[in-house]
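# Structure for this input, please:
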Amino acid sequence: MLTRPGDAVSAAARKRGALAHPTYRRLFGAQVVALAGTGVTTVALTLLAFDLAGEDAGVVLGVALALKMVVYVFGAPLIAAVAVRVAPRRLLVSLDVARAGVVSAMPFVTEVWHVYALIVLVNLCAAGFTPAFQATIADVLPEERTYTQALSLSRLAYELESLSSPLLAAALLAVASYDGLFAVNGVAFLCSAVLVLSTTLPARAVAPGEASWRSRVTAGLRRYLATPRLRGLLALNVAVAAGGATVIVNTVVYVREELGREASDVAWTLAASGAGAMLAALALPRVLEHVRDRTVMLSGGTLLALGLALAAIAGTFGSLLAVWFVLGVGLALVQTPGGRLLQRSGSRADRPGLFAAQFSLSHACWLAAYPLAGVLGAVLGLATTALLLAVLAVGAVAVAAVVWRPMTRDGSAYDAAEFAS
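Okay, here's the model as predicted:
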């Protein structure tokens, strides 16, 4: 009889929530604090860009965001290869301290290129920190049910940050200049470092040495692309990027230009997407006890395709809110269980490389989707763009369904044969 990860765990352990685990509780606190700091820095960066470039601030921000995505795509595998023998706690604390130093230097920049240089540095640290942090949580919580709860909490933290950070930044700007927001982020990263430092993390399992530097850099990507369910995850990343880019890039155009609504309605529309994602994330731990990951994630991709198609005909504010809610649900159904696939697809030694590969490849999809949604929306119109992106999402779901074949509930029978070959 095939066993699933965590079957040997006692019934009492199964009943414990992720936050009952003291190490995870501190790691989750570190994540929340760092996310809040990063969110207020996003606001501060827009104000800094305006001070430096005036009416060209949009260009500065566009280049900065493009640099961020490029660094994410190429930086994650590089840092994973460099840090393969570094203890997880030392790596995470070092990257947090480095990020604190970089954001604290932001108020002192005087040229636009200074902004670009610091953006590259801080996001290079993030490209190393995030996959390593995610792989560490998978090691800390090996029991699948508890790990699923952790994934749900992580998704909730991201959605709450997107909703609350602008409000927090506005409150801070009422009593301080935007330079103070950079200082807040620096302190947040240091608090994150202290929380990580207060934990005892599992020692890193070291994978067999690769023959060359190039082999070490590409090891995680090669293993990722050799695993059928992860190739399915990559295809679903395309659907996620299509739906997510529509929400992030075109919401303001839908609300202000197409519907002629007030600026405050942009926030409400984004909140509808966030609400859908949060509700789905809350429900997923229980749902995944009864429904296969493949079924849930393909359903999420289908919802994204449906939401994009409906966005082409959303002619009222109410219908737009409903469509954005559907898109939020679809995003969470695909993104939240992804960590479970990565956890199952390799040994502890392989996980940092797999998480780095997912981080890199998913952001490559976003790097393509952002300008696609924006440029096509401006040239072809929002309705046509939404339909084209819906077709892209349908294709992505179809590819995922073909390359990720249904076997056992968690795919373990297929993977056992795969790894033995």
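# Going by C-alpha atoms from here, please, whenever you check contacts or count neighbours.
Noted.
# Does Pro228 touch Trp404 like I think?
Yes: using C-alpha atoms under 8 Å, Pro228 is in contact with Trp404, at 5.2 Å.
# max-length helix in the chain?
Using DSSP state H, we find that the single longest helix of the chain is helix 22-53.
# After it, which helix or strand is next?
Per DSSP states H and E, helix 22-53 leads on to helix 57-82 as the next helix or strand towards the C-terminus.
# In terms of helices and strands, where is Val84?
Counting by DSSP H and E, Val84 is part of no helix or strand.
# just Ala126 next, same as before
Per DSSP H and E: helix 112-140 holds Ala126.
# Relative to the whole chain's centre, how far out is that helix?
12 Å (C-alpha atoms, centre = their mean, to the nearest Å).
# list the buried ones in that helix?
115-116, 118-140 (16 or more other C-alpha atoms under 10 Å).
# Check which helices and strands it sits against.
If contacts are counted by 3 or more C-alpha pairs under 8 Å, 6 or more residues apart in numbering; DSSP states H and E, helix 112-140 sits against helix 22-53, helix 57-82, helix 88-105, helix 338-344, helix 351-380.
# any idea of the mean pLDDT in it?
For helix 112-140, mean pLDDT rounds to 91.
# Beyond it, next helix or strand please.
According to DSSP H and E, the helix or strand after helix 112-140 is helix 144-173.
# and the angle for that following helix with helix 112-140?
Following axes from the mean of the first three to the mean of the last three C-alpha atoms, to 10 degrees, one obtains 150 degrees for the angle between helix 144-173 and helix 112-140.
# orientation of helix 144-173 relative to helix 22-53 in degrees?
Going by the same axes, to 10 degrees, helix 144-173 makes 40 degrees with helix 22-53.
# got a list of what Gly328 touches?
Ala272, Ser273, Gly274, Ala275, Gly276, Ala277, Met278 (C-alpha atoms under 8 Å, 6 or more residues apart in numbering).
# hmm, who's touching the helix or strand harbouring the fourth one?
Secondary structure from DSSP H and E places Ala275 in helix 264-287. Contacts of helix 264-287 from elsewhere in the structure, counted by C-alpha under 8 Å, 6+ apart, are 145, 148-149, 152-153, 155-156, 159-160, 163, 247, 251-252, 255-256, 320-322, 324-333, 336.
# filter those residues to the buried ones?
With burial judged by 16+ other C-alpha under 10 Å, the buried subset of these is 145, 148-149, 152-153, 155-156, 159-160, 163, 247, 251-252, 255, 320-322, 324-333, 336.
# what's the closest of the helices and strands packed on helix 112-140 to Ala305?
Checking those against Ala305 by C-alpha to C-alpha gives helix 351-380 as the closest, at 14.3 Å.
# The closest one to helix 57-82, inter-axis angle?
Using the same axes, to 10 degrees: helix 351-380 against helix 57-82 is 160 degrees.
# Now do the buried residues in the helix or strand following helix 351-380.
On the C-terminal side of helix 351-380, the closest following helix or strand by DSSP H and E is helix 382-403. For helix 382-403, burial by neighbour count (16+ other C-alpha under 10 Å) applies to 382-401, 403.
# for Arg348, helix, strand, or coil?
coil (DSSP: H, G, I helix; E, B strand; the rest coil).
# what does Leu201 give?
Going by three-state DSSP: Leu201 is coil.
# so it makes contact with Val140?
Yes: between Leu201 and Val140 there is a contact under C-alpha under 8 Å: 7.1 Å.
# okay, Glu210: pLDDT?
53.
# now do Gly346
On the pLDDT scale, Gly346 gets 84.
# likewise Asp410?
Reading off the model, Asp410 has pLDDT 46.
# Likewise for Gly6?
So Gly6 comes in at 40 (pLDDT).
# Look at stretch 333-347 and report the distance between its end residues.
25 Å (C-alpha to C-alpha, to the nearest Å).
# Show residues contacting that stretch.
Outside stretch 333-347, the residues touching it (C-alpha under 8 Å, 6+ apart) are 5, 134-135, 138, 144, 147-148, 151-152, 155, 227, 229-230, 233, 236, 240, 277, 280-281, 284, 293, 296-301, 351, 354-355, 415.
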